[in-house]
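Participant: heads up, no residue letters with this:
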């Protein structure tokens, strides 16, 4: 079903330069768009792609108005990327398939669980005793919500998510391990999205807490008793060890690791593949990635790094000798 440009700007705003009746059949990137597509330009460095694009209409910032006018129809908005995000939501609503049953016949919901009448439970999901699923929340297929775990309103959990498995708690004894029962749960706020096959462990004594607006990508591990502040976002394959506290409005790049019992202040941004080994109490961007190199050069640099401590001691000794002399 096509959406007309006029209907799009009526719903989302923006300044349209072009035919309101032009029908849009698809959304597409600049380089692949055809005359029936709507695309967007989020950064001036893609200006060449804009000039060459065959898109029927392009979303641009005020700074790109003249460049867009030279090629055809366009919509001007202060933040093209945000406009495009809202456009995808509009598009999905307009093309939504009819809703099926609220709780899939293959789902298992314990009689002692509470599922809000507006929530939707997908195929092969399990909602255990004492769990609570809030209003408008959607569980895609094969999601597990463990005992006494609570999900707020309008959450979206993608396939394979596990909420409330036991945290990794073990006490050493005579060369063996004794299990520490995980007696807490998981509390998730409103408007949280959790990607496929991500796991959030229940707390040992108190709850693991995910606050409002948090966005987690696929294949993330959140350990027991972790607390993640409002509107923090984490990319795929991040691991957060037990009892770490991560502030609000943080970002953690893909494959990064946060060690246990550390604190990250509000507004901390961790680069991909970084290993966070100490608490960070000041907002900012932090990176701890050893640059990639050919293997021979990397081995030499690694060998040099191993000598830094002894070189430092030798330098201090020389400095003391100079001062004394």
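Facilitator: Arrived safely, thanks for sending. None of these values were measured; they are calculated from a predicted model. Residues are numbered from 1 along each chain as shown.

Participant: Identify the residue spatially nearest to residue 99, adjacent ones excluded.
Facilitator: residue 120 (7.7 Å; C-beta to C-beta, 6 or more residues apart in numbering). Every C-beta, even on glycine, is put in place using the N, C-alpha and C of the backbone.

Participant: Quick check: beta-bridge partners of the one you found?
Facilitator: Residue 120 has the following beta-bridge partners by DSSP bridges: residue 138.

Participant: so who does it touch?
Facilitator: 99, 102-103, 137-139 (C-beta atoms under 8 Å, 6 or more residues apart in numbering).

Participant: secondary structure class for residue 90?
Facilitator: Three-state call for residue 90 (DSSP: H, G, I helix; E, B strand; the rest coil): helix.

Participant: can you list the domains in this structure?
Facilitator: Following automatic domain parsing, one finds the domains of the chain at 3-94, 108-286, 295-324.

Participant: where in the protein is pLDDT low?
Facilitator: Scanning the chain for pLDDT under 70 picks out 325.

Participant: which strands and helices sit next to the lengthiest helix in it?
Facilitator: When the chain is parsed with DSSP state H, its longest helix is helix 308-324. With contacts defined as 3 or more C-beta pairs under 8 Å, 6 or more residues apart in numbering; DSSP states H and E, helix 308-324 has no packing partner among the helices and strands.

Participant: from the domains of the chain, which stretch is densest packed?
Facilitator: domain 108-286 (a mean of 19; mean count of other C-beta atoms under 10 Å).

Participant: from the contacts of residue 120, which is closest to residue 128?
Facilitator: Closest approach between the contacts of residue 120 and residue 128, by C-beta to C-beta: residue 139, at 12.5 Å.

Participant: any idea how far the closest one is from residue 125?
Facilitator: 5 Å (C-beta to C-beta, to the nearest Å).

Participant: shared neighbours of those two, which are they?
Facilitator: residue 145.

Participant: Need the phi and psi values for residue 3.
Facilitator: Taking degrees, to the nearest 10, you get phi -110, psi 130 for the backbone angles of residue 3.

Participant: Please name the bridge partners of it.
Facilitator: Those that pair with residue 3 in a beta bridge, by DSSP bridges, are residue 24.

Participant: List the residues that contact it.
Facilitator: When contacts are counted by C-beta under 8 Å, 6+ apart, residue 3 is found next to 23-24, 90-91, 94.

Participant: For the stretch 201-325 of the chain, just list every one of the helices.
Facilitator: Taking DSSP state H, counting those that start in this stretch, the helices of the stretch 201-325 of the chain run over residues 295-306, 308-324.

Participant: As a markdown table, those with distance to residue 75 would be great.
Facilitator: Formatted as a markdown table, these follow (distance: least, C-beta to C-beta, whole Å):
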| stretch | distance to residue 75 |
| --- | --- |
| helix 295-306 | 48 |
| helix 308-324 | 55 |
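
Participant: right, and those - which one's nearest residue 158?
Facilitator: It is, among the helices of the stretch 201-325 of the chain and with distance given as C-beta to C-beta, helix 295-306, at 36.7 Å.

Participant: how far out from the middle of the chain is the closest one?
Facilitator: Chain-centre distance of helix 295-306: 34 Å, with C-alpha atoms, centre = their mean, to the nearest Å.

Participant: Summarise which helices and strands that helix is packed against.
Facilitator: Secondary elements touching helix 295-306 (3+ C-beta pairs under 8 Å, 6+ apart): none.

Participant: which residues sit against that helix?
Facilitator: 292-293.

Participant: can you check stretch 87-107 too?
Facilitator: By C-beta under 8 Å, 6+ apart, stretch 87-107 touches 1, 3, 8, 11-12, 27, 38, 40, 59, 109, 115, 117, 119-127, 141.

Participant: Which ones among those residues map onto strands?
Facilitator: The strands, defined by DSSP state E, take in 3, 27, 38, 40, 59, 109, 115, 120-121, 126-127 from these.

Participant: which residues touch the nearest residue to residue 247 once chain neighbours are set aside?
Facilitator: Leaving out its chain neighbours, the residue that sits closest to residue 247 by C-beta to C-beta, 6+ apart is residue 266, at 3.7 Å. By C-beta under 8 Å, 6+ apart, the contact list for residue 266 reads 229, 247-250, 283.

Participant: Distance check, residue 266 against residue 245.
Facilitator: For residue 266, the distance to residue 245 (C-beta to C-beta) stands at 11 Å.

Participant: repeat for residue 107
Facilitator: Counting by C-beta to C-beta, the gap from residue 107 to residue 245 is 34 Å.

Participant: One more: residue 126?
Facilitator: Residue 126 sits 29 Å away from residue 245, going by C-beta to C-beta.
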